[in-house]
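Chemist: What follows is a predicted protein model with its sequence.
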Amino acid sequence: MSNKGQILAVDDTPANLQVIGETLRNAGYTVATAIDGERALKRLQRYQPDLVLLDIQMPGIDGFETCRRLKAAPNTQHIPVIFITALSDTINKVKGLQIGGVDYITKPFDCAELLARIQVHINLKKAQLQLIQESKLSTLGELVAGIAHEVNNPINFIYGNLKHAAQYHQDMLHLLELYENQYPDPPQAITDWREQIDLAFLKKDYFALLESMKTGTERIKGIVVSLRSFSKLDESEWKTSDIHEDLNNTLTLLSYRLQANSYRERIKIDKNYGELPLIYCNPAQLNQVFMNLLVNALEAIDAKYWHEQDNVKDNLEPPQLIISTAIEMRNGEKFIGIHIQDNGVGIPEEIQPRIFEQFFTTKSTGKGTGLGLAIAHQIVTEKHGGAIACRSELGTGTEFIIFLPL
């Protein structure tokens, strides 16, 4: 049976925990338990469920105080809490809802009602994540459209005028040659100025300058095309798409992050692309996944080299990002496998099981929302019927693997 979600049940009566556990497991949930509030809060420091079932009358800190502390902590305040208790008076129900509970179930409970209420609140949580994801995609689309439009018009103007500038340059050079042929012995002032500006070098370098400007504008035009392709503007949401093109467009937008800086050399990109068919997908959503994973990889590389900047780096291998694709077998079926591997700082083993949890982040306040990998997981698994996994070793690097059905 597929996992419908993770539940933490908190009750000081073992018989109650056994009944709740069996009911939830039979319905397809993963269940963890705690026999009092203090143990529940400790468990929540390293395990974040989709929902908490919380008894009120317990030894030590009661359910109300447990809920208050849970809602006061930034890393657990988003977890919905359902009180499940024998206290049935209105005062306690109102109190439970006021301190952050989302629902209140009175003992003895009906199993069908319990499962229905749990499913409602887990669905609400998933809907919240989906709204955040769609909002970010919408904002990204609007931002990209604005940038593409604002950059495209002036760069086309510059690019179009470079042809005329080159022609004017040729015309002026021809005129100058005519003057030199007609007046081989110019006045001393003209001879002195010609030497001062090194006319022979100027003739050659001016043309090279125009060529470099042309190359630069072509580069900007290419970035604009990548921007539009990345967000799939003016295209239907679901269509057949080239995964390699999507990966390359995302890398183009991140090219500035690959450049060498004060504490590391340029990040090398190795592409090991296999033969892949076009797949039916939502390219804009998958591009968001690729962007999140690649940004995380680049940040991991930077973190490693920044940490080592005051130490001897002779033993550190050059910064590298490896992107591989292939048709792979998974559970007896063929999938497109996309591997994004870095040699950055790595992820500690104790937090690896939590990296796809909503709102979980190791970044400081203001630098991470804990939504990037959660949204990536939802896009790959729920939207595209695939899977996403992570392998990491602290100090060595991290590899994310995406499996997309053909």
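Modeler: Now that the structure is in, tell me what you want to look at.
Chemist: remind me which residues of this structure are low pLDDT?
Modeler: The chain contains residues with pLDDT under 70 at 1-3, 127-150, 222-223, 225-236, 307-315, 358-371.
Chemist: Now with 50, please.
Modeler: Along the chain, the parts satisfying pLDDT under 50 run over 1, 233-234, 365-366.
Chemist: how much space between residue 53 and residue 297?
Modeler: Distance from residue 53 to residue 297, counting by C-beta to C-beta, to the nearest Å: 38 Å. The C-beta positions use only the backbone N, C-alpha and C, and glycine is treated the same way.
Chemist: correction: residue 350
Modeler: From residue 350 to residue 297 the distance is 21 Å (C-beta to C-beta).
Chemist: These two: which is more packed in?
Modeler: The neighbour comparison of residue 350 against residue 297 (other C-beta atoms under 10 Å) goes to residue 297, with 26 against 9.
Chemist: Is the more buried one within a helix or a strand, and which one?
Modeler: helix 283-307 (DSSP states H and E).
Chemist: Can you give me the buried ones in that helix?
Modeler: Under the neighbour-count criterion of 16 or more other C-beta atoms under 10 Å, helix 283-307 has 283-294, 296-302, 304-305 buried.
Chemist: do stretch 30-43 as well
Modeler: 31, 32, 33, 34, 35, 36, 37, 38, 39, 40, 41, 43.
Chemist: which residues touch the one residue sitting closest to the centre of the chain?
Modeler: For the chain, the residue sitting closest to the mean C-alpha position, by C-alpha atoms, centre = their mean, is residue 292 at 1.7 Å. By C-beta atoms under 8 Å, 6 or more residues apart in numbering, the residues touching residue 292 are 372, 373, 375, 376.
Chemist: State the pair within those that is farthest apart.
Modeler: 373 and 375 (7.4 Å; C-beta to C-beta).
Chemist: so where do the helices sit in this structure?
Modeler: All helices of the chain, identified by DSSP state H, fall at 14-26, 37-44, 63-72, 90-98, 111-182, 188-197, 199-231, 243-253, 255-258, 283-307, 372-378.
Chemist: what's the angle between the third one and helix 90-98?
Modeler: This points to helix 63-72. Taking axes from the mean of the first three to the mean of the last three C-alpha atoms, to 10 degrees, one finds helix 63-72 and helix 90-98 inclined to each other by 20 degrees.
Chemist: Name the residues that touch helix 63-72?
Modeler: Under C-beta under 8 Å, 6+ apart, the answer for helix 63-72 is 10, 37, 40-41, 44, 52, 54-58, 61, 76-77, 79, 81, 83, 85, 95-96, 99-101.
Chemist: Now, of those residues, which are buried?
Modeler: Using 16+ other C-beta under 10 Å, the buried ones in the contacts of helix 63-72 are 10, 37, 40-41, 44, 52, 54-56, 58, 61, 76, 79, 81, 83, 85, 95-96, 99-101.
Chemist: So which of the residues you listed are in strands?
Modeler: Counting by DSSP state E, the buried ones among the contacts of helix 63-72 place 10, 52, 54, 81, 83, 85 in strands.
Chemist: Quickly list what the fifth one is bridged to.
Modeler: In this structure, residue 83 has beta-bridge partners residue 54, residue 104, where bridges are defined by DSSP bridges.
Chemist: looking at it, it is touching residue 95, isn't it?
Modeler: No: judged on C-beta atoms under 8 Å, residue 83 makes no contact with residue 95 at a distance of 9.4 Å.
Chemist: so how far does stretch 67-79 reach from one end to the other?
Modeler: Taking C-alpha to C-alpha, to the nearest Å, stretch 67-79 runs 10 Å from one end to the other.
Chemist: How far does that stretch sit from its chain's centre?
Modeler: Between the centre of stretch 67-79 and the centre of its chain there are 25 Å (C-alpha atoms, centre = their mean, to the nearest Å).
Chemist: residue contacts, residue 88?
Modeler: So residue 88 contacts residue 106 (C-beta under 8 Å, 6+ apart).
Chemist: Enumerate every residue touching residue 372.
Modeler: Counted by C-beta under 8 Å, 6+ apart, residue 372 has contacts 292, 295, 296.
Chemist: How many residues are close by the closest residue to residue 295 other than its chain neighbours?
Modeler: What sits nearest to residue 295 in space, not counting adjacent residues and going by C-beta to C-beta, 6 or more residues apart in numbering, is residue 254, at 7.0 Å. Using other C-beta under 10 Å, residue 254 has 18 neighbouring residues.
Chemist: what's the spacing between residue 254 and residue 298?
Modeler: Distance from residue 254 to residue 298, by C-beta to C-beta: 7 Å.
Chemist: do residue 205 as well
Modeler: Applying C-beta to C-beta to residue 205 and residue 298 gives a distance of 36 Å.
Chemist: what does residue 33 give?
Modeler: Distance from residue 33 to residue 298, by C-beta to C-beta: 40 Å.
Chemist: what do you get for residue 400?
Modeler: 13 Å.
Chemist: With residue 260 instead?
Modeler: With distances taken as C-beta to C-beta, residue 260 is found 13 Å from residue 298.
Chemist: Then residue 48?
Modeler: 26 Å.
Chemist: What of residue 26?
Modeler: 45 Å.
Chemist: Also residue 174?
Modeler: For residue 174, the distance to residue 298 - C-beta to C-beta - is 50 Å.
Chemist: sorry, back to before: list just the nearest of the ones in strands among the buried ones among the contacts of helix 63-72 to residue 384.
Modeler: Distances from residue 384 to these, taken by C-beta to C-beta, are shortest for residue 52, at 29.7 Å.
Chemist: Columns distance to residue 343 on top of the helices of the chain, output as JSON lines?
Modeler: Shown next, in JSON lines, are these (distance: least, C-beta to C-beta, whole Å):
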{"stretch": "helix 14-26", "distance to residue 343": "41"}
{"stretch": "helix 37-44", "distance to residue 343": "33"}
{"stretch": "helix 63-72", "distance to residue 343": "38"}
{"stretch": "helix 90-98", "distance to residue 343": "50"}
{"stretch": "helix 111-182", "distance to residue 343": "29"}
{"stretch": "helix 188-197", "distance to residue 343": "50"}
{"stretch": "helix 199-231", "distance to residue 343": "26"}
{"stretch": "helix 243-253", "distance to residue 343": "17"}
{"stretch": "helix 255-258", "distance to residue 343": "14"}
{"stretch": "helix 283-307", "distance to residue 343": "7"}
{"stretch": "helix 372-378", "distance to residue 343": "19"}
